[in-house]
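1. can you look at this prediction? I've put the sequence above it.
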Amino acid sequence: MDSVVSSVTTKAKGVTVTNTSTLGFRVWDVADYVIPAQEENSLFIMTNMITTVNQTQGLCPELPDKTTVCKSDANCAAGSSGTHSNGIATGRCVLFNETVKTCEVAAWCPVEDDTHVPEPAFLKAAENFTLLVKNNIWYPKFNFSKRNILPNVTTTYLKSCIYDAITDPFCPIFRLGKIVENAGHSFQDMAIEGGIMGIQINWDCNLDRIASLCLPRYSFRRLDTRDVDHNVSPGYNFRFAKYYSDPTGAEHRTLIKAYGIRFDIIVFGKAGKFDIIPTMINIGSGLALLGVATVLCDVIVLYCMKKRYYYREKKYKYVEDYEQGLGSEMDQ
Amino acid sequence: MDSVVSSVTTKAKGVTVTNTSTLGFRVWDVADYVIPAQEENSLFIMTNMITTVNQTQGLCPELPDKTTVCKSDANCAAGSSGTHSNGIATGRCVLFNETVKTCEVAAWCPVEDDTHVPEPAFLKAAENFTLLVKNNIWYPKFNFSKRNILPNVTTTYLKSCIYDAITDPFCPIFRLGKIVENAGHSFQDMAIEGGIMGIQINWDCNLDRIASLCLPRYSFRRLDTRDVDHNVSPGYNFRFAKYYSDPTGAEHRTLIKAYGIRFDIIVFGKAGKFDIIPTMINIGSGLALLGVATVLCDVIVLYCMKKRYYYREKKYKYVEDYEQGLGSEMDQ
Amino acid sequence: MDSVVSSVTTKAKGVTVTNTSTLGFRVWDVADYVIPAQEENSLFIMTNMITTVNQTQGLCPELPDKTTVCKSDANCAAGSSGTHSNGIATGRCVLFNETVKTCEVAAWCPVEDDTHVPEPAFLKAAENFTLLVKNNIWYPKFNFSKRNILPNVTTTYLKSCIYDAITDPFCPIFRLGKIVENAGHSFQDMAIEGGIMGIQINWDCNLDRIASLCLPRYSFRRLDTRDVDHNVSPGYNFRFAKYYSDPTGAEHRTLIKAYGIRFDIIVFGKAGKFDIIPTMINIGSGLALLGVATVLCDVIVLYCMKKRYYYREKKYKYVEDYEQGLGSEMDQ
């Protein structure tokens, strides 16, 4: 038996447009929604986002919540910073809007307001994006290597095929919506708060048979369990920023809280060839177990049956101790 | 036996210059060609690229191919987007150049033209870049840890050495060209379309012996098989963009299709110490197998040989049933 | 027995301010100090940095060291580039400062001066940042899945808890300083030159018992051994750049040499259920070993004891060869 060594590369394709008041009409392509641009065994596709444009270093009121709402400067401890703060408190209490006052913070201003996650998802069209997974495997012990783009696949087929468990089980191009659906979830639901999808590639192979029978089998599974009863901290998101320089040389940034689906490609596999040693160990143990039968029969016959004394007498040969034995022999 | 727990960090070094009409004279250093800046067990070095500068959101003609070339607006379905499209069709048919008309798309304009991959590779000097691999391993069961920078290595040696299988087998600094060469491939060929190289570190150790004999062994392997007969979707590339802000506040970007070599560091290893339990299981099974000899001898003697009745009579002691036995004893 | 399949997501929280002459007063939040924004099983937190602002492509003198200091142009080979160079030598020898002349290079200018690492660490306040680790595990053979946010954990608890081995062993939120401290190191020391911390989650479970007893156990370990006696190439750092566009369209960048702590989340685990086959193999081998007792007794009695001839005579039944046997029987 040998475990698989694998390399994975992924490539997403797909374009969509959005039209919002803050960002205007905007086209989104791969370079915009795949973050970071490349990873080893996984790929993140942004499906939803909260954008805070033109942030600069400065002073501004915090978002109102039960720790930041204030009546006067006395409520705001200068220099303090809670776990969920966007900045460091200056100690002043300032107007957040016409009715609410909150503590002022030194931060990237204005601070991000992530109380409302866009619904439906901002890039809901990601359902139709495709993902090409290239996977090379190698079984070091048997020096056997193979890729998931099978030898009989042509460029033409690869340009048009979409994986389907029944009709195209060996096409390495997946529609994102179908991956999530195959795992029994709704893409549009998952797109809102994000999540982790596992794309499992199973390469279990019997290398005693011909190599062309060693084929990848794909399966899909949502890796971040989303139980209805305990949905504490659901989904998957992270923040990143794009930094710009003003004509004056000052820096400003666009902060993006990106919600999306991370596709983790998990390559399983064990290859086996017939090997005499483990087989012999198992046979040996099996034979030894057969010995239990003898012992059990003996125990029953010699200790449990009514006529046990009779059988015991027949089974054992009593050898008298040497001197006694010689003595009895001399007696004869 | 125990499996290895490992941490890997990598650091590339090297500078090169290029001089092209689009980009002018340009120096490339680590921050330019390593993307993303850090990964857990791998490092991507860009060796070739297709740069599309000054893209802005707008409308422009698609690249001509058999689905985008058009005669009139009737050939272009508004809102449609193929798998390989750069944008969303507006439904208009416009001039791509003086002779060809293609469907207009809403996209980052101008669209990328990646039909010709630069040959030789743009950053072909990457062959002489070096890669320092720092690897710490730990065998939890034996609480044994070691790093691939061996205790006797000095800073001076580390500043000047380059790994060589024969002369410097424990130098953790690799010349990129040599890695690819050791795996039996040509760096300049691989640099054009990219690929994946595995740097394997084997830490198989017999911990019954002294710790200084537990040494890393390096080997190299191209992980993306590149068969001549099936070169469907070869190499490794991905797209990323650098975003800039115009003085007016509008966003433009430079799109880069990066071809390059991803170095995956794969740490193998099993450490063993003598342990009595698996040894006993194997001895036990072995002994039981010896029992097969007895059984085989018996079978031959008692069932196969001509004189089997004679031997059988001598081997078995017939014990009559209790009453009969008593009877026969009384008879005596 | 089955091995664990796991997915990990991480999220850091915390804000700090710095005030230096080069950068001025500056707030640092998650988008600034987590690089790259997301990774599969790890998270890098920048704790220290050397910033080189406003680099442009150009010609400038190299940093002085023993290979770059020059007296005249004759000391500088045009086109050469050492392993540690910042650029390609132009062949001219120019003034680095009033007293020292170094070779001129084509590079991103001015070149980075990383001879002095800031001490104490620039973002030393990272000690109080927190890290939320979300981990879902799955045992495929038993179709058993669980997450490290236990079912009885409420949102309120999760918003305020901090992991502590004794008081809060199941809180998935870690204070960075405590992680390093638990591993027996000093956060402030580690923050200066960086390092790798392993957060180990152990999910060893006996699935014959109820699922609620299958609980994660956290442990911490510094993965980059930092021996006092061989501190060649210590710590962890990498370089990245933020690219900006001048109003004229020219590109400049800020180069950052980031020192920091990479937190690798390592998920261990084996789940077991009682299975008859390996149990039988072990029992079989054990029984066979009992057979050794018989053999040993026989060996002692028949070969070692003084009266061995007597016992041997009693143990073996000599069966004469068939003809002889018949002969002797006829004799009777």
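-> Yes, it's here.
2. pLDDT weak spots in chain A?
-> A:226-232, A:277-279, A:281-295, A:297, A:310-311, A:314-332 (pLDDT under 70).
3. what about the longest strand in it?
-> Assignment by DSSP state E gives strand A:42-61 as the longest strand of chain A.
4. which secondary structure elements does it contact?
-> With contacts taken as 3 or more CB pairs under 8 Å, 6 or more residues apart in numbering or on different chains; DSSP states H and E, strand A:42-61 sits against strand A:5-13, helix A:30-33, strand A:88-95, strand A:101-109, helix A:187-193, strand A:251-268, strand C:24-28. Heads up, the C-betas are built off the backbone N, CA and C, glycines and all.
5. between that strand and strand A:101-109, how big is the angle?
-> With axes from the mean of the first three to the mean of the last three CA atoms, to 10 degrees as the basis, strand A:42-61 and strand A:101-109 are set at 130 degrees to each other.
6. relative to strand A:251-268, how tilted is strand A:42-61?
-> 150 degrees.
7. what about A:Lys71, how many residues close to it?
-> 9 (other CB atoms under 10 Å in any protein chain shown).
8. I'd guess it is in a helix, am I close?
-> No: counting by DSSP: H, G, I helix; E, B strand; the rest coil, A:Lys71 is not found in a helix; it is coil.
9. related to what we said a few turns ago, buried sites along the longest strand of chain A?
-> A:42-53, A:55, A:57, A:60-61 (16 or more other CB atoms under 10 Å in any protein chain shown).
10. may I have that strand as PDB, with CA atoms only?
-> Extracted in PDB, the C-alpha atoms of strand A:42-61 (Å, rounded to 0.1, in the frame of the first residue of the first chain):
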ATOM      1  CA  SER A  42      -7.500  26.000  -2.500                       C
ATOM      2  CA  LEU A  43      -9.200  28.900  -4.300                       C
ATOM      3  CA  PHE A  44     -11.400  31.700  -2.800                       C
ATOM      4  CA  ILE A  45     -14.200  33.200  -4.900                       C
ATOM      5  CA  MET A  46     -15.700  36.400  -3.600                       C
ATOM      6  CA  THR A  47     -19.500  36.200  -3.800                       C
ATOM      7  CA  ASN A  48     -20.500  39.100  -1.500                       C
ATOM      8  CA  MET A  49     -18.800  42.200  -0.200                       C
ATOM      9  CA  ILE A  50     -19.100  45.300   1.900                       C
ATOM     10  CA  THR A  51     -17.000  48.000   0.400                       C
ATOM     11  CA  THR A  52     -15.900  51.100   2.300                       C
ATOM     12  CA  VAL A  53     -14.300  53.500  -0.300                       C
ATOM     13  CA  ASN A  54     -11.900  56.300   0.200                       C
ATOM     14  CA  GLN A  55     -10.800  55.500   3.800                       C
ATOM     15  CA  THR A  56      -8.000  57.800   5.100                       C
ATOM     16  CA  GLN A  57      -6.100  57.900   8.400                       C
ATOM     17  CA  GLY A  58      -8.000  60.300  10.700                       C
ATOM     18  CA  LEU A  59     -10.500  60.800  13.500                       C
ATOM     19  CA  CYS A  60     -14.100  59.800  13.200                       C
ATOM     20  CA  PRO A  61     -17.000  58.500  15.400                       C
END
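11. tell me the one of the buried residues of strand A:42-61 nearest B:Tyr244?
-> A:Val53 (14.8 Å; CB to CB).
12. please name the residues that touch the nearest residue to A:Gly14 once chain neighbours are set aside.
-> Excluding its sequence neighbours, the residue lying closest to A:Gly14 (CB to CB, 6 or more residues apart in numbering or on different chains) is A:Phe129, at 3.1 Å. With contact set as CB atoms under 8 Å, 6 or more residues apart in numbering or on different chains, A:Phe129 has these partners: A:Ala12, A:Lys13, A:Gly14, A:Thr16, A:Ile45, A:Arg175, A:Leu176.
13. so the last one sits against A:Ala126, correct?
-> In other words, A:Leu176. Yes: the pair A:Leu176 / A:Ala126 is scored as a contact, 5.8 Å apart, by CB atoms under 8 Å.
14. what touches both of these two?
-> A:Ile45, A:Phe187, A:Ile261.
15. just list whatever residues bridge to the first one.
-> Read it as A:Ile45. Per DSSP bridges, the residues bridged to A:Ile45 are A:Val34, A:Ile261.
16. that one reaches A:Gly260, doesn't it?
-> Yes: using CB under 8 Å, A:Ile45 makes contact with A:Gly260 at a distance of 5.3 Å.
17. tell me which parts of the stretch 51-200 of chain A are close to chain B?
-> Contact residues, the stretch 51-200 of chain A versus chain B (CB under 8 Å from any CB of the partner chain): A:54, A:130, A:132, A:134, A:136, A:138, A:145-147, A:149, A:151, A:153-155, A:158-159.
18. now do the helices in the stretch 101-250 of chain A.
-> A:155-160, A:176-182, A:187-193 (DSSP state H, counting those that start in this stretch).
19. most tightly packed of the ones you listed?
-> Using mean count of other CB atoms under 10 Å in any protein chain shown, the stretch among the helices of the stretch 101-250 of chain A with the largest mean neighbour count is helix A:187-193, at a mean of 21.
20. and for that one, what's in contact with it?
-> So helix A:187-193 is contacted by A:47-48, A:117-121, A:123-124, A:126-127, A:176-177, A:180-181, A:197, A:222, A:234-237, A:259-261 (CB under 8 Å, 6+ apart).
21. mind exporting the C-alpha coordinates of it to PDB?
-> Only the C-alpha atoms of helix A:187-193 are listed here, as PDB (Å, rounded to 0.1, in the frame of the first residue of the first chain):
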ATOM      1  CA  PHE A 187     -25.500  28.300  -3.800                       C
ATOM      2  CA  GLN A 188     -27.400  31.500  -3.300                       C
ATOM      3  CA  ASP A 189     -27.800  30.900   0.400                       C
ATOM      4  CA  MET A 190     -24.100  30.100   0.800                       C
ATOM      5  CA  ALA A 191     -23.100  33.100  -1.300                       C
ATOM      6  CA  ILE A 192     -24.500  35.600   1.200                       C
ATOM      7  CA  GLU A 193     -22.300  34.700   4.200                       C
END
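22. now that helix: how far from the chain's centre is it?
-> What separates the centre of helix A:187-193 from the centre of its chain is 17 Å, taken as CA atoms, centre = their mean, to the nearest Å.
23. what does stretch A:148-158 give?
-> 27 Å.
24. residues contacting A:Val267?
-> Residues near A:Val267 by CB under 8 Å, 6+ apart: A:Val4, A:Ser6, A:Val8, A:Asn41, A:Asn135, A:Ile137, A:Gln200, A:Ile201, A:Trp203.
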